[in-house]
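Chemist: Sequence first, then the predicted structure:
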Amino acid sequence: MTQRLEIKNFGPVKDASIEVRPLLVLIGQQASGKSTIAKLIYFFQSLSAEFFSRFYQSDREYIDITQDLIVPIREKFYDFFGSTFHLPDFYITYYYDDKRYLSLSLTPTRKIDARFSDDFLTQKDRNELRGYKKLLLQIKKELAKNDNVAQKVALDERQLNYLHQLADKINLIFCNEHNDSLFVLAGRNATIGYSETFENMLQQSIQKNIEEQGHRAFRAKEQTIDESLMLSFMQRVVKMRQSFLNLGNFEGMIIQANDRLKPKLKLANKLIHDVLRGQYSNSEYGERIVHPNKGYVYLKNASSGQQESIRILQDAFLSIYQGNKLLRIVEEPEAHLFPEAQMATIQLLILMLNNSPSSHLILTTHSPYTLTVINNLIYAAKVGEKKPVETSSVVPRELWIPSEKVSSYMLTDGTANSIMDEDLGEIQAELIDNISNVINNQYEALLQLDDNGTDN
């Protein structure tokens with residue numbers, strides 16, 4: 001079953017039912033609810049990690065639904081979306097599969113009321129989780145009283161094995177196959193041009209603010225979702241930069257990759273070059289864009305399009321290189337880019353998505369070019385079934401995406417409407433491009449006036 005998010009009266013979204021297919025595209029005007037939906041999906045998808053952390057750290061063998069699930073859900077919701085005290089009644093449900101869902105609403109005292117479906121945690125699930133936890137607690141006791149180095153190493157290995165099994169079981173319950181989740185916010189060029197000292201201070205400031213928010217009552221909490229996401233994103237950027245510091249640039253990583261991966265990475269590198277119009281490099285002197293026969297420019301002095309896109313490009317390349325099962329939410333991937341560069345960026349993101357059958361990609365966009373590029377890749381998959389060799393010469397097979405893996409919605413007036421053409425299996429791109437008709441009509445009216453003036 002495709003996972004689904006249903007929303008009634010939350011923020012700018014009054015009524016929405018969203019199918020979360022491997023590729024989900026959300027379009028609409030500013031403040032229409034695109035980010036709200038994207039953040040809610042990210043929230044629900046991240047709950048398995050919260051449950052694992054809380055249950056693993058407890059001293060209990062059994063699951064306490066309130067302490068291990070309800071309390072973490074409430075705290076995370078307040079951290080993501082702020083105080084609920086001033087909000088009208090809402091109803092949000094996330095369907096992980098046919099039998100498992102989680103519903104959120106408000107109690108009479110305006111606190112989060114979290115309710116799981118009856119089959120969310122079966123008795124078999126509880127018994128299995130309790131079995132893993134019992135073994136982990138036993139190993140913990142043995143480690144505390146054991147001084148033998150060899151035995152401690154063996155116990156550590158057993159502990160790690162049971163931890164993996166516990167995590168796998170919890171992920172199975174939440175229908176979560178991801179091992180790498182990241183929300184790529186708009187305004188990501190904030191990670192460009194700061195000194196490491198300033199960046200560390202900024203991260204510490206954000207972290208301190210989040211921790212202070214965490215100690216406040218739910219009524220007083222301010223909205224910290226963007227701070228939380230920006231902190232995670234900045235931490236990821238530090239790791240990405242270090243990866244390229246070690247190997248220099250994308251081509252350096254391709255040389256180190258195994259032969260199976262090299263064709264995909266070379267395609268990724270070509271698409272990245274189409275966006276940057278140069279080669280990214282990182283060294284002790286800083287991040288630079290190297291232009292053939294034209295020298296280089298430091299990233300902090302590069303164009304706004306290069307600055308806004310570089311982190312997306314790096315993350316996509318590294319995700320392909322590492323083979324992650326990922327959840328990526330990317331806001332406005334087209335920001336500050338020429339249409340040709342928009343095309344290359346979207347193609348790179350689809351290449352990243354197709355690299356793992358368990359991955360999910362969620363895009364929020366204002367651009368008709370984004371929709372048109374995705375439609376081309378859907379059509380390539382369709383034509384490729386009949387003429388695979390010929391189609392591959394036009395669009396590389398790694399970029400094809402079947403229509404059944406795509407869902408797309410337009411947000412207008414608080415509602416979400418699917419814009420997938422069921423007959424064609426494509427996105428109705430013309431719906432977001434209606435402004436072209438307005439512009440053309442305005443021009444026609446001016447032309448008519450000019451013609452009338454000429455006649456007089």
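Modeler: Arrived safely, thanks for sending. These numbers come from a predicted model, not from an experiment. Numbering: from 1, shown residues only.
Chemist: going forward, measure contacts between C-alpha atoms and count neighbours the same way
Modeler: OK.
Chemist: Stretch 398-408: which residues count as buried?
Modeler: Across stretch 398-408, burial judged by 16 or more other C-alpha atoms under 10 Å covers 398, 399, 400, 401, 403, 406, 407, 408.
Chemist: Tabulate the CA atom coordinates of it in PDB.
Modeler: C-alpha atoms of stretch 398-408 as PDB (Å, rounded to 0.1, in the frame of the first residue of the first chain):
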ATOM      1  CA  GLU A 398      18.800   5.600 -15.000                       C
ATOM      2  CA  LEU A 399      16.600   8.700 -15.300                       C
ATOM      3  CA  TRP A 400      13.400   6.900 -16.300                       C
ATOM      4  CA  ILE A 401      10.600   6.900 -13.700                       C
ATOM      5  CA  PRO A 402       7.300   5.000 -14.100                       C
ATOM      6  CA  SER A 403       4.100   7.000 -13.600                       C
ATOM      7  CA  GLU A 404       2.900   4.700 -10.800                       C
ATOM      8  CA  LYS A 405       5.800   5.900  -8.700                       C
ATOM      9  CA  VAL A 406       4.800   9.500  -9.000                       C
ATOM     10  CA  SER A 407       2.100  11.600  -7.200                       C
ATOM     11  CA  SER A 408       1.600  15.300  -7.600                       C
END
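Chemist: and that stretch, how far out from the chain's middle?
Modeler: From the chain centre to the centre of stretch 398-408 is a distance of 17 Å (C-alpha atoms, centre = their mean, to the nearest Å).
Chemist: Under the pLDDT cut-off, which ranges of this protein? List them.
Modeler: For the chain, applying pLDDT under 70 flags the ranges 1, 193-226, 429-436, 453-456.
Chemist: so which of the buried residues of stretch 398-408 comes closest to residue 9?
Modeler: For the buried residues of stretch 398-408, the minimum distance to residue 9 (C-alpha to C-alpha) is 20.5 Å, reached by residue 408.
Chemist: would you turn the buried residues of stretch 398-408 into JSON lines with distance to residue 170 and secondary structure?
Modeler: Below are those laid out as JSON lines (distance: C-alpha to C-alpha, whole Å; DSSP: H, G, I helix; E, B strand; the rest coil):
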{"residue": "398", "distance to residue 170": "32", "secondary structure": "helix"}
{"residue": "399", "distance to residue 170": "32", "secondary structure": "helix"}
{"residue": "400", "distance to residue 170": "32", "secondary structure": "coil"}
{"residue": "401", "distance to residue 170": "30", "secondary structure": "coil"}
{"residue": "403", "distance to residue 170": "30", "secondary structure": "helix"}
{"residue": "406", "distance to residue 170": "27", "secondary structure": "strand"}
{"residue": "407", "distance to residue 170": "27", "secondary structure": "strand"}
{"residue": "408", "distance to residue 170": "29", "secondary structure": "strand"}
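Chemist: Widest-spaced pair of these?
Modeler: 398 and 408 (21.1 Å).
Chemist: Relative to residue 337, which of the buried residues of stretch 398-408 is nearest.
Modeler: When those are ranked by distance to residue 337 (C-alpha to C-alpha), residue 399 comes first, at 20.3 Å.
Chemist: who's in contact with the closest one?
Modeler: Neighbouring residues of residue 399 by C-alpha atoms under 8 Å, 6 or more residues apart in numbering: 347, 350, 351, 354, 377.
Chemist: Same question for residue 4.
Modeler: Here residue 4 is in contact with 17, 18, 19, 20, 94, 95, 96 (C-alpha under 8 Å, 6+ apart).
Chemist: try residue 302
Modeler: Residue 302 makes contact with residue 289 under the criterion C-alpha under 8 Å, 6+ apart.
Chemist: Relative to residue 291, how far out is it?
Modeler: Taking C-alpha to C-alpha, to the nearest Å as the measure, residue 302 falls 11 Å from residue 291.
Chemist: How about residue 68?
Modeler: Remark: distance between residue 68 and residue 291 (C-alpha to C-alpha) = 53 Å.
Chemist: Looking at those two, which is more packed in?
Modeler: Using other C-alpha atoms under 10 Å, the more surrounded residue of residue 68 and residue 291 is residue 68, with 20 against 14.
Chemist: Is the more buried one in a helix, a strand, or coil?
Modeler: Following DSSP: H, G, I helix; E, B strand; the rest coil, we place residue 68 in the helix state.
Chemist: Just the contacts of residue 4: which are in strands?
Modeler: Those of the contacts of residue 4 mapping onto strands are 17, 18, 19, 20, 94, 95, per DSSP state E.
Chemist: if we take the residues you listed, which one ends up nearest to residue 188?
Modeler: residue 20 (24.4 Å).
Chemist: thinking again about what came up before, and which of the contacts of residue 399 is nearest residue 36?
Modeler: Residue 36 lies nearest to residue 350 out of the contacts of residue 399, by C-alpha to C-alpha, at 22.8 Å.
Chemist: Relative to residue 357, how far out is that closest one?
Modeler: With distances taken as C-alpha to C-alpha, residue 350 is found 12 Å from residue 357.
Chemist: Looking at those two, which one has more neighbours?
Modeler: Comparing residue 350 with residue 357 by neighbour count (other C-alpha under 10 Å), the higher total belongs to residue 350, at 20 against 11.
Chemist: Give me the distance between the nearest residue to the more buried one once chain neighbours are set aside and residue 257.
Modeler: Nearest residue to residue 350, sequence neighbours excluded (C-alpha to C-alpha, 6 or more residues apart in numbering): residue 399, at 6.0 Å. For residue 399, the distance to residue 257 (C-alpha to C-alpha) stands at 20 Å.
Chemist: repeat for residue 188
Modeler: Distance from residue 188 to residue 257, by C-alpha to C-alpha: 28 Å.
Chemist: Of these two, give the one with the bigger neighbour count.
Modeler: residue 188 (19 against 14).
Chemist: Please name the residues that touch that one.
Modeler: Going by C-alpha under 8 Å, 6+ apart, residue 188 touches 308, 311.
Chemist: give me that answer again for 7 Å
Modeler: By C-alpha atoms under 7 Å, 6 or more residues apart in numbering, the contact list for residue 188 reads residue 308.
Chemist: What separation is there between it and residue 332?
Modeler: Using C-alpha to C-alpha, residue 188 is found at 10 Å from residue 332.
Chemist: Run through who's touching the longest helix along the chain.
Modeler: Criterion DSSP state H: the longest helix present in the chain is helix 149-173. The contact list for helix 149-173 (C-alpha under 7 Å, 6+ apart) reads 48, 52, 129, 132, 136, 139, 143, 146, 177.
Chemist: Most widely separated two among those residues?
Modeler: With distances taken as C-alpha to C-alpha, the most widely separated pair in these is 146 and 177, at 35.8 Å.
Chemist: quick one, which of these two is more surrounded?
Modeler: Legend: neighbour count by other C-alpha under 10 Å for residue 146 and residue 177, higher for residue 177 (17 against 12).
Chemist: Fine by me, we can end here.
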